[in-house]
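In: Predicted coordinates and the sequence they were generated for:
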Amino acid sequence: MREGGRISAAIEVLAEIASRHRPAAEALKDWGKAHRFAGAGDRHAIGTLVYDVLRRKNSLARRMGSDEPRAVVLAALHDIWKRSPDDIARASAEEHGPGPLTDDERALLAAAPAEEGSAHIAGDYPEWLSASLSRVFGDRAAEEGRALAERAPVDLRVNILKSDRPKLLKALEKFNAVSGPLSPWCVRIASAGPDKRNPHVEAEPAHGKGWFEVQDAASQLAALMSGAKAGEQVADICAGAGGKTLALAALMGNKGQIHAYDSDKHRLRPIFERLQRAGARNVQVLGSDESVRLDTLAGKVDCVLVDAPCSGSGAWRRNPDSKWRLTERQLDIRLGDQKAVLERGAKLVKAGGRMLYITCSVLPEENDDQVAAFLASHPDFTLQPYREHWRQAIGTEPPESAGQAKDTLLLTPHSHATDGFFMALLKKKS
Ligand SMILES: C[S@@+](CC[C@H](N)C(=O)[O-])C[C@H]1O[C@@H](n2cnc3c(N)ncnc32)[C@H](O)[C@@H]1O
């Protein structure tokens, strides 16, 4: 396909997403099925353009004075893909392209973008989340939103059970891999430019050998902040596909016991293969039908990790579709789930033990508000200031939190060059 055809396809897919409220991944897949002649390169370019529009939907629409799919795609080609108005005009006029640019479109593309107005437009997030994001970020809300709308790098966690960072950096030299921020385990590969592909790192021999997992630096730091030690009893009660579980096993040097539970057996499914590849041997996987076995650990666990189900707002860089699909009702459901998992986790913690509550969200309702509500109804728990704990667990100077609360840690792309991630360490009195 020529560029004009790809542009038309992106417009078509965005129209389908808007009119039928379809998830972007589904709409793209169906477009691919209906257009079998499109090659892998075409599908990749169309998908990237669609996701780039979703990252910056508000500010692109503001530039063009319209949120119609054609308008925002043209703006994305200019603002994100850095195509000149002439190049866009040429591609649009091609056979199968979306049709020649109008004089107005050309003028809007050539003009400097309007002075940014409201934070939700400059920061490219839904208006209904404005109050929440202003509460957590104050007058940085637009900047923080803007960083959450960028493309994310590829972060890898070196598996210290099988390798080390210098060795992994060497193995991935051809991708210009560098050490990532804050986490001593992080290796980072910069995001490929517009219409380029990120390297398929999971096809590398180093992955097959279990030297690394794909995991954002903030997730790595969450595992490190558990302070899990060799010999401890640890429960990862929202284990999912095991991203944190694997990091915990490495942190504990395979000594002690990790109980990895998830209420959804489908999500847990990939954990078995991942544990094997990583050489993690101290993990007991508990499926959703083994919840009774989890309950037998009541009052016995040194460290409970609650990687709570959440809105995913901290990961909007990786899943821009989710920021527009999130509804107040879904957020309410998540808030209920978070309360439930915190209750469950609290029962497992032994006297003097700890629970690390984490979310990949930047919304205060899911973070500090949940912690405050938990503490109000659990006088046997106290909040441990994150700074002190960071020094002990990670051994470096702690970063400033991007949030307003002084004892919990909020990491963000703008402030820390990681995904958005929240952590609160709750200690049970002895
Ligand atoms: C943020 S994801 C976990 C990601 C995972 N820890 C990782 O690092 O790959 C949250 C998980 O919580 C699970 N979950 C939701 N409600 C739960 C509940 N009541 N009890 C246990 N797990 C639950 C979901 O199935 C989902 O896998």
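Out: Received it, and whenever you're ready, just let me know what you need.

In: and residue 161, what are its phi and psi?
Out: Backbone geometry at residue 161, expressed as degrees, to the nearest 10, gives phi -70, psi -20.

In: so where do the helices sit in the stretch 151-300 of the chain?
Out: For the stretch 151-300 of the chain, the helices defined by DSSP state H, counting those that start in this stretch cover 165-171, 205-208, 217-225, 243-251, 265-268, 271-278, 291-295.

In: Which among the ones you listed is found nearest to the ligand?
Out: helix 243-251 (2.9 Å; Cβ to the nearest ligand atom). Using the backbone N, CA and C atoms, a C-beta is placed for each residue, glycine as well.

In: before we move on, back to that, could you point out which of the helices of the stretch 151-300 of the chain sits nearest residue 155?
Out: Nearest of the helices of the stretch 151-300 of the chain to residue 155, taken as Cβ to Cβ: helix 217-225 at 5.2 Å.

In: What are the structural domain limits within the protein?
Out: 3-114, 154-214, 217-428 (automatic domain parsing).

In: and among these, the most buried is which?
Out: domain 217-428 (a mean of 20; mean count of other Cβ atoms under 10 Å).

In: Determine if any part of that domain is in contact with the ligand.
Out: Yes - judged by Cβ under 6 Å from any ligand atom, domain 217-428 and the ligand are in contact via 237-244, 262-264, 267, 307, 309, 337, 340-341.

In: I'd like the average pLDDT over stretch 291-298.
Out: The average of the pLDDT scores along stretch 291-298 is 93.

In: any idea how far residue 170 is from residue 154?
Out: 17 Å (Cβ to Cβ, to the nearest Å).

In: Just read off the phi/psi values of the spatially closest residue to residue 238 that is not a sequence neighbour.
Out: In this structure, residue 238 finds its nearest non-sequential neighbour in residue 307, 4.6 Å apart by Cβ to Cβ, 6 or more residues apart in numbering. Main-chain torsions, residue 307, degrees, to the nearest 10: phi -90, psi 80.

In: How about the secondary structure of residue 424?
Out: Per DSSP: H, G, I helix; E, B strand; the rest coil, the local secondary structure of residue 424 is strand.

In: how close does it get to residue 312?
Out: Taken as Cβ to Cβ, the span from residue 424 to residue 312 is 18 Å.

In: and what of residue 204?
Out: From residue 204 to residue 312 the distance is 27 Å (Cβ to Cβ).

In: per-residue pLDDT, the closest residue to residue 205 other than its chain neighbours?
Out: Ranked by Cβ to Cβ, 6+ apart and with sequence neighbours excluded, the top spatial neighbour of residue 205 is residue 171, at 7.8 Å. We have a pLDDT of 97 for residue 171.

In: I'd say residue 171 and residue 209 touch.
Out: No - if you go by Cβ atoms under 8 Å, residue 171 and residue 209 don't touch, sitting 9.1 Å apart.
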